[in-house]
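Q: Give me a 3D structure for the following:
(one chain, ligands or ions: 1)
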Amino acid sequence: MIMTSLPTPHHQQTLRSVEWSGDWQGKLKLLDQTQLPAKIEMVDCVSVAVIREAIVQLRVRGAPAIGIAAAYGVVVAFQESIADAKVFDEASKLLLNTKIEDLRSSRPTAVNLSWALTRMSQSIADVSLPADAALVGKTLLDAAIEVHEEDKRMCHAIGRFGADRIADGSGVLTHCNTGGLATSEYGTALSAMLTAQDQGKHFHVFVDETRPLLQGARLTAWELMQRKIPCTLICDSMAAQVMREGRVQAVIVGADRITACGDAANKIGTYGLAILAKHHKIPFYVAAPSSTFDVSLISGSEIPIEQRKEAEITEAFGKRTAPEGVVVYNPAFDVTPAELITAIITEKGIIEPVNESNVRAMLQK
Ligand code: MRU
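A: Residues are numbered from 1 along each chain as shown. Sure, this is the predicted structure:
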């Protein structure tokens, strides 16, 4: 672990959640998001086991950032698979595939993880074995860099489409963290806000704290404050009241997996927000890159929902708050049905209304 000085929200700094240094024999570092905003710590990813642990523990989190970390994770897996050998052979390929599957099983809901790993495998699918390890390593690193660079382009394009839905002088409500920390840079839902600010718009963001792990309070509020975008932190349970008071003109959230019909899995609490938005006649937008779509699934009921450990609710951040032995249910995500989503903002354009033919047509662009 590397520790640098404590960040303050008003101190403008660009933190990258995923960093690769050097050639294919180089190193992966991940920003430990569990320590934010109190400390900036980088995790030295010396092995696939360390990367897997970082994904499971949410040190790196947010669907696109998980995908990018996993893509570089395959380069680390390759380093481990060939050890000191100069050749990539059948045995090392078997080992590499086992490590890729280890990474794939780290979190089940965010499809960007599986999407990135499949792309990495495909990048060397045509290599005939045995092969020169340096050539394969370079091919893998190039593929990981492309996943990373493509995410940057997608985030900025989402921002440009999404900013059009933020009116000057309006209030926007968001949930969880969808900013640069959750992606390569700028983010998805948050990219719409940063881009609107770049365009000179003034607006106010209501940030759901996002129980139980507080990605909104710890990460989104911090990112918005760094950018000097006016924001107010609220408990998740306050959203209805804030909407009733007329302070919210748009809800914009991210997604972890979107099916062919437009049902969208996102951080637990999103579905409730969509119902509230409908009741208050507030547009409800989901912003996500095409890497978050899984058109092999039609209905949201097919999306695997990650179940997380009880301690996240009974003793979040180290302090026991519930009686010993209490029964706990802790799904990390819920699914918002397409009918509650006004539009899905992608890097290719805006899907509106949200239905299967519009989703498929947009993804084919
Ligand atoms: O459990 P997390 O923190 O990885 O959940 C993240 C979210 O739900 C985000 O909204 C989603 O990944 C979109 S990230 C741009």
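
Q: outside of stretch 358-365, which residues touch it?
A: By C-beta atoms under 8 Å, 6 or more residues apart in numbering, the surrounding residues in contact with stretch 358-365 are 258, 260-262, 290, 293, 295, 344, 346, 348-349, 351-352. For the C-beta atoms, the positions are set from N, CA and C on the backbone; glycine is no exception.

Q: and which of these is nearest residue 88?
A: residue 290 (30.6 Å; C-beta to C-beta).

Q: What are the boundaries of the strands in the stretch 101-250 of the chain?
A: 131-132, 171-174, 204-208, 231-234, 250-253 (DSSP state E, counting those that start in this stretch).

Q: Pull the contacting residues for the residue nearest to the spatial centre of the chain.
A: In the chain, the C-alpha nearest the mean C-alpha coordinate belongs to residue 62, at 2.1 Å (C-alpha atoms, centre = their mean). Contacts for residue 62 (C-beta under 8 Å, 6+ apart) come out as 17, 177-178, 181-183, 254.

Q: And the residue of the protein closest to the ligand?
A: Residue of the chain nearest the ligand, by C-beta to the nearest ligand atom: residue 254 (2.7 Å).

Q: how near is residue 74 to residue 207?
A: 34 Å (C-beta to C-beta, to the nearest Å).

Q: Give me the more crowded residue out of those two.
A: Neighbour comparison, residue 74 and residue 207: the larger count goes to residue 74, with 28 against 25 (by other C-beta atoms under 10 Å).

Q: Leaving out the residues flanking it, which one is nearest to the more buried one?
A: Distance criterion C-beta to C-beta, 6 or more residues apart in numbering; nearest residue to residue 74, sequence neighbours excluded, is residue 120 at 4.2 Å.

Q: Kindly provide the distance from residue 255 to residue 23.
A: Distance from residue 255 to residue 23, by C-beta to C-beta: 34 Å.

Q: Which one's more surrounded, those two?
A: residue 255 (30 against 11).

Q: That one should be in a helix, yeah?
A: No. Judged by DSSP: H, G, I helix; E, B strand; the rest coil, residue 255 forms no part of a helix; its state is coil.

Q: quick revisit: tally of neighbours for the residue of the chain closest to the ligand?
A: 30.

Q: Next up, the contacts around the residue nearest to it when sequence neighbours are not counted.
A: Nearest residue to residue 254, sequence neighbours excluded (C-beta to C-beta, 6+ apart): residue 178, at 3.6 Å. With contact taken as C-beta under 8 Å, 6+ apart, residue 178 is in contact with 62, 187-191, 220, 253-254, 287.

Q: now the residues you listed in JSON lines, with pLDDT?
A: Below are the contacts of residue 178 laid out as JSON lines (pLDDT from 0 to 100):
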{"residue": "62", "pLDDT": "98"}
{"residue": "187", "pLDDT": "98"}
{"residue": "188", "pLDDT": "98"}
{"residue": "189", "pLDDT": "98"}
{"residue": "190", "pLDDT": "98"}
{"residue": "191", "pLDDT": "98"}
{"residue": "220", "pLDDT": "98"}
{"residue": "253", "pLDDT": "99"}
{"residue": "254", "pLDDT": "98"}
{"residue": "287", "pLDDT": "99"}
